[in-house]
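*Asks:* Pasted the sequence and its predicted model underneath.
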Amino acid sequence: MNNLFVIGIFLAFFLQFLLFSKKGKTLPDKILGVWMFVIGLHLFSYYIYNLGYWERYPHLTGITHPFPLLHGPLLFLYVVFSLRKEQRFVWRDFAHFLPAFGSYLYMMPYFFGYTTAQKRLVDSGQMDDYKIFMYLSLVGFIISGITYPVVAYRLITKHERLVHENYSFDESISLNWLKYCIAGLGVIFLTVGIFSFMQYLLDIQFPFNVDFIFYAEIILFIFFVGYFGIRHQGIFAENKTTQEATSGNDDPDTKKTTGYIRSGLKIDEAQELHQKLLQLMNEKKPYLEPKLTLNMLATQLDVSSNHLSQTINQHQNQNFYDFINQYRVEEFKQRAKDPKNQHFNILALALDAGFNSKSAFNLIFKKHTGMTPTQFMSENSRP
């Protein structure tokens with residue numbers, strides 16, 4: 001187990017180094033780097049505790065006690081600044097760290113006023129000076145560790161709806177990475193809550209050290225961050241951030257695409273716009289543009305993006321993303337069945353149909369047809 005701790009500590013600090021040495025690093029990169037550093041210190045603190053160093057050097061006890069109050073806020077701020085166009089801290093962002101700061105203030109008498117012997121007694125539970133504080137801290141850790149992921153997930157869900165209302169592509173603005181981080185942190189603190197409930201309220205004594213479970217999950221989380229970041233998303237290399245993909249969208253109409261109560265679009269006007277939209281899609285095929293956005297299509301129709309979004313939602317019962325990609329799927333199917341295109345492979349046909357990556361094409365095609373592109377080609381007797 002000690003070897004696993006060493007690997008996890010090294011990886012956390014290594015990922016932090018990659019983030020801070022990254023060219024063109026953004027504020028989310030810096031927040032993630034700080035988070036990796038905090039996790040590394042947290043793991044290192046428990047590692048030396050497990051080796052008995054706290055017993056030999058009691059002044060080390062409690063130094064990282066408030067650290068669990070930092071994980072939720074750091075994840076939340078990483079999500080917020082990945083979605084927010086404004087890339088600077090404001091005073092309310094620092095408020096998320098007040099519980100951790102308050103904990104350190106409350107522990108100041110312990111750090112600077114207690115003798116070595118007294119610290120040993122407090123750490124071993126023979127002095128009750130901080131007993132209530134420890135219980136309240138545990139409750140705070142669990143609440144923070146579960147609440148922040150829930151709020152962050154709601155932010156992502158809201159943002160995804162906005163993206164799919166305005167963009168026909170989402171590779172560069174994919175939020176799967178953030179979802180995985182949220183799920184991982186949520187599982188860790190949920191586990192803490194379950195075992196703490198069983199230990200302190202149900203008085204269940206386990207034949208093993210339950211702390212190993214929590215910290216093993218943290219180590220696995222670090223492994224995931226490293227693997228996912230290096231192998232898939234390029235988080236630790238120069239890349240575009242999520243907010244960059246959407247920050248150029250400043251059209252006021254676009255920001256209102258989810259609510260049409262006061263749009264002013266009459267029923268007959270919406271029907272007429274719907275017919276013009278279908279005619280444009282069939283005749284000029286704007287969906288062949290891989291980076292097509294709601295604003296671009298609205299400009300071609302000479303209407304506001306809000307009215308166009310309303311028309312698509314109400315008359316097609318789809319968001320902009322699904323509406324455009326449904327046309328791309330049909331375009332691919334027509335091209336694939338055309339004997340003149342037999343010498344093209346699947347990816348070439350997908351790119352010609354307006355898709356901008358193989359992964360996006362596979363997911364969208366399966367969503368709209370219920371089968372994979374390979375299955376479709378096989379059923380249509382393509383060699």
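*Replies:* Structure received.
*Asks:* Am I right that Asp170 is in contact with His159?
*Replies:* No: counting by C-beta atoms under 8 Å, His159 is not a contact partner of Asp170; they are 10.8 Å apart. From N, CA and C alone the C-beta is placed, and that goes for glycine too.
*Asks:* got any ranges where the chain has weak pLDDT?
*Replies:* The chain contains residues with pLDDT under 70 at 1, 171-175, 229-264, 381-383.
*Asks:* State which helix of it is the longest.
*Replies:* helix 131-166 (DSSP state H).
*Asks:* Val210: how many residues sit nearby?
*Replies:* 15 (other C-beta atoms under 10 Å).
*Asks:* list the contacts for it?
*Replies:* 195, 199 (C-beta atoms under 8 Å, 6 or more residues apart in numbering).
*Asks:* go again using 6 Å as the cut-off
*Replies:* Applying C-beta atoms under 6 Å, 6 or more residues apart in numbering, we find Val210 in contact with Phe195.
*Asks:* do the same with Tyr47
*Replies:* Residues counted as contacts of Tyr47 (C-beta under 6 Å, 6+ apart) are Phe5.
*Asks:* Which of the helices or strands spans it?
*Replies:* helix 27-50 (DSSP states H and E).
*Asks:* ok, residues contacting the helix or strand following that helix?
*Replies:* Sequence-wise, the next helix or strand downstream of helix 27-50 (DSSP H and E) is helix 53-56. Contact with helix 53-56 is made by 60-61, as judged by C-beta under 6 Å, 6+ apart.
*Asks:* before we move on, what about stretch 331-338?
*Replies:* For stretch 331-338, using C-beta under 6 Å, 6+ apart, the contacting residues are 341, 349-350, 353, 380.
*Asks:* What separates the first and last residues of stretch 49-66, distance-wise?
*Replies:* 16 Å (C-alpha to C-alpha, to the nearest Å).
*Asks:* tell me which residues of it are tucked away?
*Replies:* Within stretch 49-66, the residues that count as buried by 16 or more other C-beta atoms under 10 Å are 49-50, 54, 58, 60-62, 64-66.
*Asks:* now swap in stretch 351-363 and tell me
*Replies:* 351, 353-356, 360-362.
*Asks:* Now intersect the residues you listed with the strands, please.
*Replies:* In strands, defined here by DSSP state E, there are no members of the buried residues of stretch 351-363.
*Asks:* Output the contacting helices and strands for the following helix or strand past the longest helix of the chain.
*Replies:* On the C-terminal side of helix 131-166, the closest following helix or strand by DSSP H and E is helix 176-196. Counting contacts by 3 or more C-beta pairs under 6 Å, 6 or more residues apart in numbering; DSSP states H and E, helix 176-196 packs against helix 68-83, helix 131-166, helix 211-228.
*Asks:* for the longest helix of the chain, packing partners?
*Replies:* On a contact count with 3+ C-beta pairs under 6 Å, 6+ apart, helix 131-166 meets helix 68-83, helix 176-196.
*Asks:* rewinding a little: could you dump the helices and strands packed on helix 176-196 into TSV and include mean neighbour count and distance to Leu27?
*Replies:* As requested, the helices and strands packed on helix 176-196 are exported to TSV (neighbours: other C-beta atoms under 10 Å; distance: least, C-beta to C-beta, whole Å):
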stretch	mean neighbour count	distance to Leu27
helix 68-83	23	5
helix 131-166	17	16
helix 211-228	17	18
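*Asks:* how about the ones you listed, which one is nearest Met36?
*Replies:* For Met36, the closest of those is helix 211-228, at 7.4 Å, according to C-beta to C-beta.
*Asks:* for the closest one, the distance to its chain's centre please.
*Replies:* Distance of helix 211-228 from the chain centroid (C-alpha atoms, centre = their mean, to the nearest Å) equals 17 Å.
*Asks:* likewise stretch 208-217?
*Replies:* With C-alpha atoms, centre = their mean, you get 25 Å for stretch 208-217.
*Asks:* circling back: would you tell me which one of the contacts of stretch 331-338 comes nearest to Ile213?
*Replies:* Ala350 (44.5 Å).
*Asks:* From Leu41, how far out is the closest residue in space to that closest one that isn't next to it in sequence?
*Replies:* Leaving aside its sequence neighbours, Ala350 sits nearest to Phe361 (C-beta to C-beta, 6 or more residues apart in numbering; 4.1 Å). Distance of Phe361 to Leu41, computed by C-beta to C-beta, to the nearest Å: 43 Å.
*Asks:* Can you tell me the centre-most residue of this protein?
*Replies:* Centrality entry for the chain: nearest residue to the mean C-alpha point is Leu178, 1.0 Å, by C-alpha atoms, centre = their mean.
*Asks:* Now do Tyr130: how many residues are near it, please.
*Replies:* Based on other C-beta under 10 Å, the number of other residues close to Tyr130 is 20.
*Asks:* Identify the residue spatially nearest to it, adjacent ones excluded.
*Replies:* Per C-beta to C-beta, 6+ apart, closest to Tyr130 is Val122, 5.9 Å.
*Asks:* Kindly provide the distance from the one you found to Pro66.
*Replies:* For Val122, the distance to Pro66 - C-beta to C-beta - is 16 Å.
*Asks:* next one: Phe10
*Replies:* Phe10 is 24 Å from Pro66, by C-beta to C-beta.
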